[in-house]
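Q: Could you look at this predicted model? Sequence included:
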Amino acid sequence: MTDLAAVKAALKTQRIETPSWAYGNSGTRFKVFAQPGVPRTPREKVADAAKVQEFTGVAPTVALHIPWDTVDDYAALAAYAEERGVGLGTINSNTFQDDDYRLGSICHPDAAVRRKAVAHLLECVDIMDATGSRDLKLWFADGTNYPGQDDVRSRQDRLAEGLAEVYERLGDGQRMLLEYKFFEPAFYTTDVPDWGTAYAHCLKLGPKARVVVDTGHHAPGTNIEFIVATLLREEKLGGFDFNSRFYADDDLMAGAADPFQLFRIMYEVVRGGGFTSEVAFMLDQCHNIEAKIPAIIRSVMNVQEATAKALLVDGAALAETQRSGDVLGANAVLMDAYNTDVRPLLAEVRRESGLDPDPVAAYARSGWAEKVVAERVGGRQAGWGA
Ligand code: PSV
Ligand code: MN
């Protein structure tokens, strides 16, 4: 028997961070589609993120991406966010959109380029000081396209050296989250391709360095929940970038492609004691063809649904079936939780939190979409500018 009151209480403490770039225009390498009403400034992105928070109640922070969200005064941006009812969250670095980075950033063969990349990362920590952000999220596009192009081992040495310099700069309470991705944009070797590489670097760096699992960054068929369980056990799971994939790094809505996988991941999180603020639950998505704010609200709800199901797993019954070697019984305990329709439970949780039970409908009724389409005219819409 699961304690419903405890499940509800846990769901009320959940926090899911949304990414500023998900509010801007995005696309593929073939085309970035513009949508009316899309933010033109970091403030407008923050205003949209505040709407997601207003209707879901569990998305109180928005992650920034530097330089896409560069402003003159970060304290002022933080104050504006607070006024709107959200906070500024993780700072994401960008060492992949400059011509100098053609052969890599902190792994580049030229020390001058490496210095430039490290300087950017240090600047991101300065920004964290100003915004009060806890986490610096690092994803490196570094790698090679052809065998022999560069020395794979030396690139690891350069990576370690660059990371160590940034690690030293972290203040009390600040963390470095190292993200891995198995390929793209590099097609032969990637310098941080998997959790093992990220873990090895984080382990050497120290307790402030942790691994971030982007659910879209694995080869097809990878058992992501096993990685999650292992990283949690090693106290090295820093957070998630949730999104869905059918093929590669598709950046679709979390829980859209494989809700069962998301449930299995959340089960390991709950099981491993990771359902705490120590693990950052973030979205990393792009809404290329669908309306952005409702898609982000839907994604937040999908994560909530997977979490609710994970919390509903009857731990005692599972332990007993596992202990007695009851293979089918154990599987049934897990599937019972997964097959539960948790939408009424979440509607209740929302009602009890003073929210509309249907965040998507409430947002649609709010008129925000029409308002921003009318008001955000002129200027240059935000986009990832690929
Ligand atoms: C690129 O794959 C990526 O999606 C990474 O996952 C980062 O987290 C994100 O871009 C923002 O830089
Ligand atoms: Mn990511």
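A: In hand now; what should we look at? Ligands and ions are numbered 1, 2, ... in the order given.

Q: Would you mind listing what in the chain touches ligand 2?
A: Asp214, Asp241, Asp284 (CB under 5 Å from the ion). Backbone N, C-alpha and C define where each C-beta goes, glycine included.

Q: Format those residues as JSON lines; extra columns: neighbour count, distance to ligand 1 and pLDDT.
A: Listed next are the residues of the chain next to ligand 2 as JSON lines, based on neighbours: other CB atoms under 10 Å; distance: CB to the nearest ligand atom, whole Å; pLDDT from 0 to 100:
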{"residue": "Asp214", "neighbour count": "22", "distance to ligand 1": "5", "pLDDT": "98"}
{"residue": "Asp241", "neighbour count": "28", "distance to ligand 1": "5", "pLDDT": "98"}
{"residue": "Asp284", "neighbour count": "26", "distance to ligand 1": "5", "pLDDT": "98"}
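
Q: In helices only, show me those.
A: For these, membership in helices holds for none, with DSSP state H as the criterion.

Q: Doesn't Arg43 belong to a strand?
A: No - the assignment for Arg43 (DSSP: H, G, I helix; E, B strand; the rest coil) gives helix, which keeps it out of a strand.

Q: Just the element for the closest residue to it other than its chain neighbours, please.
A: Leaving aside its chain neighbours, Arg43 sits nearest to Tyr80 (5.7 Å; criterion: CB to CB, 6 or more residues apart in numbering). In this structure, Tyr80 sits in helix 74-84 according to DSSP states H and E.

Q: Show me how far that helix is from its chain's centre.
A: 21 Å (CA atoms, centre = their mean, to the nearest Å).

Q: following it, which helix or strand shows up next?
A: strand 87-92.

Q: Give me the buried positions along the helix holding Tyr80.
A: Neighbour-count burial for helix 74-84 flags Tyr74, Leu77, Ala78, Tyr80, Ala81, Arg84 (criterion: 16 or more other CB atoms under 10 Å).

Q: so what's the second one closest to, chain neighbours aside?
A: In space, not counting the residues next to it along the chain, Leu77 is nearest to Val71; the distance is 5.1 Å by CB to CB, 6+ apart.

Q: Now that the one you found has come up, it's in contact with Pro42, right?
A: Yes - at 5.5 Å, Val71 counts as touching Pro42 under the criterion of CB atoms under 8 Å.

Q: More neighbours: the two, which one.
A: Pro42 (24 against 18; other CB atoms under 10 Å).

Q: Near the residue nearest to the more buried one when sequence neighbours are not counted, how many other residues are there?
A: Leaving aside its sequence neighbours, Pro42 sits nearest to Asp69 (CB to CB, 6+ apart; 4.3 Å). Residues lying near Asp69 (other CB under 10 Å) number 25.

Q: Quick check: which element contains Gln261?
A: Gln261 belongs to helix 259-271, assigned by DSSP H and E.

Q: Just the CA atoms of that helix, as PDB, please.
A: Extracted in PDB, the C-alpha atoms of helix 259-271 (Å, rounded to 0.1, in the frame of the first residue of the first chain):
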ATOM      1  CA  PRO A 259       6.600   7.900 -21.300                       C
ATOM      2  CA  PHE A 260       7.400   4.400 -20.000                       C
ATOM      3  CA  GLN A 261      11.100   5.200 -20.200                       C
ATOM      4  CA  LEU A 262      10.500   8.500 -18.300                       C
ATOM      5  CA  PHE A 263       8.600   6.500 -15.700                       C
ATOM      6  CA  ARG A 264      11.500   4.000 -15.300                       C
ATOM      7  CA  ILE A 265      14.000   6.900 -15.000                       C
ATOM      8  CA  MET A 266      11.800   8.600 -12.300                       C
ATOM      9  CA  TYR A 267      11.400   5.300 -10.500                       C
ATOM     10  CA  GLU A 268      15.200   5.000 -10.200                       C
ATOM     11  CA  VAL A 269      15.300   8.600  -9.000                       C
ATOM     12  CA  VAL A 270      12.700   7.900  -6.300                       C
ATOM     13  CA  ARG A 271      14.400   4.600  -5.400                       C
END
